[in-house]
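Novice: test case, fold it:
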Amino acid sequence: MATENQRIVGYLPQDYYAQLREYMEREHISESAALVRMVKQFFDTPNAHPDVEAEVTALKTQMQQVLSRIGVLEQLAQTRPAQRKGSASQPHPMLQSLSREELARRMGVSSEMLLEVASKGETEFQQWCRHRDPGKRLWRRVGELFHPVEE
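Specialist: Numbering: from 1, shown residues only. This next block holds a predicted model:
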């Protein structure tokens, strides 16, 4: 039988060959047709699995956001002891000074990144904090602690 297709020769492990034979029988096709289908599917189908690295990065970002929100809730729990339900007239709690690690967790960044931005100057740091902080607060570094700026 004349054909313009290229001939290939290969050796398959027994378990793969058995699966190939099952596929051929199930689809009622020849070995050549089965291999053509497989190769076609491999090269013509876009990658069905998303880029794993991008997924991991997205999950890390989401995890940082969750940790930041947990930090806010922990802070609220510490500053609002045993308030009764329905007392909406209570003022918002004053945030306490935070360590570098605590503020980094609140912002959803590493403590190294927090120090890097803080080293760029107070104005830039405060604007960066407003953008990153879940409560849109400004923060100021004084020594080793970070203090919320009252507006």
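
Novice: residue boundaries of the helices in this protein?
Specialist: Under the criterion DSSP state H, helices of the chain are mapped to 14-27, 31-44, 52-79, 100-107, 111-118, 122-132.

Novice: which residue is nearest the middle of this protein?
Specialist: L59 (2.0 Å; CA atoms, centre = their mean).

Novice: other SSEs contacting the helix-or-strand element of the chain with minimal mean pLDDT?
Specialist: None of the helices or strands of the chain scores lower by mean pLDDT, DSSP states H and E than helix 52-79, at a mean of 82. Applying 3 or more CB pairs under 8 Å, 6 or more residues apart in numbering; DSSP states H and E, we find helix 52-79 packed against helix 100-107. All C-beta spots, glycine's among them, are computed from the backbone N, C-alpha and C.

Novice: tell me which residues of the helix it packs on come out buried.
Specialist: R100, E102, L103, A104, R105, R106, M107 (16 or more other CB atoms under 10 Å).

Novice: any idea which of the helices of the chain is most buried?
Specialist: helix 100-107 (a mean of 21; mean count of other CB atoms under 10 Å).

Novice: what does that helix contact?
Specialist: Around helix 100-107, the neighbours that count as contacts under CB atoms under 8 Å, 6 or more residues apart in numbering are 67-68, 70-72, 75, 98, 110-111, 113-115, 129, 132-134, 139, 144, 146.

Novice: if you set the cut-off to 6 Å instead, what comes out?
Specialist: With CB atoms under 6 Å, 6 or more residues apart in numbering as the test, helix 100-107 has contacts from L67, S68, G71, S110, S111, L114, R132, F146.

Novice: relative to M24, which of these is nearest.
Specialist: Ranked by distance to M24 (CB to CB), those are led by L67 at 52.5 Å.

Novice: list the contacts of the closest one.
Specialist: L67 touches R105, counting by CB under 6 Å, 6+ apart.
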